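J.: Here is my input, please return the structure:
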Amino acid sequence: MKRVKTLTIMLLAALNIVANNNVMQLTLEETILLARTQSLDAAVALDELRSAYWEYRIYRAGLLPEVNFSATAPSYSKSYNSYQNSDGTYTFVRNNYMQMNGRLSVNQSIWLTGGTLSLNSSLDYLKTLSGDRQRRYMSTPIALTLNQPIFGVNNAKWNRRIEPIRYAEAKANFLTATEQVTMSAINYFFTLLLAKENVSIARQNLSNAEKLYEVALSKHRMGIISDNDLLQLRLNTLNARSSLTNNESNLKSAMFSLRSFLTIDEKMEIIPMQPDTLAPIDLIYDEVLQKAMENNSISKNLERRRLQADYNVAGARGNLRQINLTAQVGLSGVDRDIEPAYDRLNDNQYVQVGLQIPLLDWGKRRGRLRMAESNREITISRIEQEMRNFKQNLFILVEQFNNQRTQLEIAQEADTIARRRYKSNVETFMIGKISTLDLNDAQVSKDQARRNHISELMYYWYYYYKIRSITLWDWEHNTNIDADFEKIVNKK
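T.: From the prediction side, this is the model:
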């Protein structure tokens, strides 16, 4: 990522110099760098990473002790409340008091058991504002409280297993999304390159058609060629002019799309430069699969979904019966003044066990357990099917890439031969040894061979970066594709 950032800065500096003329020459590598840093697709991938990052940070914070302070300062009441006398009758008494309290607590979840341990310290103050106007302090210097479910699902334990995998999946998704931005950039770049080649072909064809038509007019006056050949060459000229107009329109459309994707000024003219190929790389399927299973988000996604299904089953099983234990031990003191309230302390403790067991729920909880187990089986079946499809598609992709270099070499040679053949046919036509049909056939073959060469070059780079996006491995430099996620997320 440091190398990408350095190259991007150098690229943008160079482009600022060229931009003064509203002309920008772009190589494929430069297009990829711009796409990764300033395209909207890259911004979306970064936002998704930040969302996953902060979700993981929230989970991590939940594992640490939480310190809270709460207070009421003050609470005033002047009202009537009901009061039961010793003989069972009720009367109303008037209350007129002011109350203040403060509480400091430290809470810690226990991931091993799923319970919560709390350490509390509090001070309460109560003063009556009528009658004897007494004041009282109640102190609880220390109180330790445990809340523990006995048979329920241990959420903390399951989260410790699931959340790290979820975040690792998000990081792999970000790297994959970055590589997919590259593939989009390749599509836009080669669409523009092919449109530029089509314009170049159309201009050359129009120039040749006009020259051949002028020669044909002279030969027609001398009676060397027929009216049919002359009209055919005139028709070729008109078709070439129409083709040039259409291809110029397509070039503008392709340039607009690339500018929009890279968020470049609409007045900028982009000139794509035809890329070279990599040094020969022969990928082995087993090695590619190994890198994919190590780095790709699919392995983490499938593992997370399997754990999530197991978690749902454990939660449904824990809901069959609920038993909660609450226990507290501590010290408390009460006095008219603060200091004695802390000096004369007494034990303050209680234990409470809450029990909830359904006696008759018509199989509702048992049905939820069966449903969770069925959903788990469905999830496992889908995971196995997705993994088979993933391996099959990866095998096909590796074969396509390994074959693509041969296809590209064939297309390149065919392009060279077709251009030489067309040039030879033009020269032969000038001396009247071939017909316009043969000349048209040579031109069509030349144009198709050139377009096919550009298309095969695009597929070569597309397959390469597709494999990179799946394996998150740079096969050219034989290095892992990674990033400093903390720095990326916190970058302003």
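J.: Show me where this protein has its strands.
T.: Using DSSP state E, the strands found in the chain span residues 23-26, 66-84, 90-110, 115-128, 135-149, 269-272, 322-335, 346-347, 350-356, 473-474, 479-480.
J.: Which neighbours in the sheet does the fifth one have, and how are they oriented?
T.: Translated: strand 135-149. Applying DSSP bridges, strand 135-149 is found paired with strand 115-128 (antiparallel), strand 322-335 (antiparallel).
J.: Which of these has the lowest mean pLDDT?
T.: Set side by side, those give their lowest mean pLDDT on strand 322-335, at a mean of 81.
J.: what's the neighbour count on residue 282?
T.: 8 (other C-beta atoms under 10 Å). C-beta coordinates here come from the backbone N, C-alpha and C atoms, glycine included.
J.: let's number from 6 now, not from 1
T.: All right, first residue 6 from here; so that's residue 287.
J.: List the contacts of it.
T.: residue 407 (C-beta atoms under 8 Å, 6 or more residues apart in numbering).
J.: what bits of the stretch 306-455 of the chain have low per-residue confidence?
T.: 352-365 (pLDDT under 70).
J.: And the helices in it, which stretches?
T.: 343-348, 369-435, 441-476 (DSSP state H, counting those that start in this stretch).
J.: So for the last one, what gets flagged as buried?
T.: The neighbour-count criterion (16 or more other C-beta atoms under 10 Å) identifies 441, 444-445, 447-448, 450-452, 454-459, 461-476 as the buried residues of helix 441-476.
J.: picking up where we left off before, could you dump the strands of the chain into JSON lines with mean neighbour count and distance to residue 376 added?
T.: As requested, the strands of the chain are exported to JSON lines (neighbours: other C-beta atoms under 10 Å; distance: least, C-beta to C-beta, whole Å):
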{"stretch": "strand 28-31", "mean neighbour count": "17", "distance to residue 376": "56"}
{"stretch": "strand 71-89", "mean neighbour count": "10", "distance to residue 376": "35"}
{"stretch": "strand 95-115", "mean neighbour count": "14", "distance to residue 376": "28"}
{"stretch": "strand 120-133", "mean neighbour count": "17", "distance to residue 376": "28"}
{"stretch": "strand 140-154", "mean neighbour count": "17", "distance to residue 376": "22"}
{"stretch": "strand 274-277", "mean neighbour count": "18", "distance to residue 376": "56"}
{"stretch": "strand 327-340", "mean neighbour count": "16", "distance to residue 376": "19"}
{"stretch": "strand 351-352", "mean neighbour count": "8", "distance to residue 376": "48"}
{"stretch": "strand 355-361", "mean neighbour count": "10", "distance to residue 376": "21"}
{"stretch": "strand 478-479", "mean neighbour count": "16", "distance to residue 376": "41"}
{"stretch": "strand 484-485", "mean neighbour count": "11", "distance to residue 376": "42"}
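J.: mind checking which of those strands is nearest residue 289?
T.: Comparison of those against residue 289 by C-beta to C-beta identifies strand 478-479 as nearest, at 12.5 Å.
J.: Mind checking the pLDDT average for the closest one?
T.: The average pLDDT for strand 478-479 rounds to 90.
J.: tell me the residue furthest from the middle of this protein?
T.: When distances are taken from the C-alpha mean of the chain, residue 92 lies farthest, 72.3 Å away, according to C-alpha atoms, centre = their mean.
J.: Quick check, pLDDT for it.
T.: 84.
J.: backbone phi and psi for it, please?
T.: The phi/psi pair for residue 92 (degrees, to the nearest 10) reads phi -90, psi 0.
J.: can you pull the contacts of it?
T.: By C-beta under 8 Å, 6+ apart, residue 92 lies in contact with nothing.
J.: how about the strands paired with strand 140-154 in CSV, adding distance to residue 283?
T.: Output for the strands paired with strand 140-154, formatted as CSV (distance: least, C-beta to C-beta, whole Å):
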stretch, distance to residue 283
strand 120-133, 57
strand 327-340, 62
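J.: can you tell which of those is closest to residue 405?
T.: strand 120-133 (55.0 Å).
J.: May I have that closest one as CSV, with CA atoms only?
T.: Output of strand 120-133 as CSV, limited to C-alpha atoms (Å, rounded to 0.1, in the frame of the first residue of the first chain):
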residue,chain,number,x,y,z
GLY,A,120,-22.0,-13.9,33.4
THR,A,121,-21.4,-10.3,34.5
LEU,A,122,-19.3,-9.2,37.5
SER,A,123,-19.9,-5.8,38.9
LEU,A,124,-17.9,-3.8,41.6
ASN,A,125,-20.0,-1.0,43.0
SER,A,126,-19.5,1.9,45.5
SER,A,127,-22.3,4.3,46.4
LEU,A,128,-23.3,7.1,48.8
ASP,A,129,-27.0,8.1,49.5
TYR,A,130,-28.1,11.3,51.3
LEU,A,131,-31.6,11.9,52.6
LYS,A,132,-32.9,15.0,54.5
THR,A,133,-36.4,15.6,55.7
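J.: who are the neighbours in contact with the nearest residue to residue 415 once chain neighbours are set aside?
T.: Nearest non-adjacent residue to residue 415, counting by C-beta to C-beta, 6 or more residues apart in numbering: residue 461, 8.0 Å away. Residues near residue 461 by C-beta under 8 Å, 6+ apart: 409, 412, 413, 415, 416, 417.
J.: tell me which of those residues is nearest to residue 331?
T.: Out of the contacts of residue 461, the member with the shortest distance to residue 331 (by C-beta to C-beta) is residue 409, at 67.1 Å.
J.: And the pLDDT at the nearest residue to the closest one once chain neighbours are set aside?
T.: Leaving aside its chain neighbours, residue 409 sits nearest to residue 465 (4.7 Å; criterion: C-beta to C-beta, 6+ apart). On pLDDT, residue 465 comes in at 93.
J.: same check, this time on the one 4 residues further on
T.: Residue-level confidence at residue 469 comes out at 93, pLDDT.
J.: isn't it right next to residue 480, touching?
T.: Yes - applying C-beta atoms under 8 Å as the test, residue 469 and residue 480 come out as touching, 7.4 Å apart.
J.: Quick check: neighbours shared by those two?
T.: Common neighbours of residue 469 and residue 480, using C-beta under 8 Å, 6+ apart, are residue 286.
J.: residue ranges with poor pLDDT in the stretch 56-205 of the chain?
T.: Judged by pLDDT under 70, no stretch of the stretch 56-205 of the chain qualifies at all.
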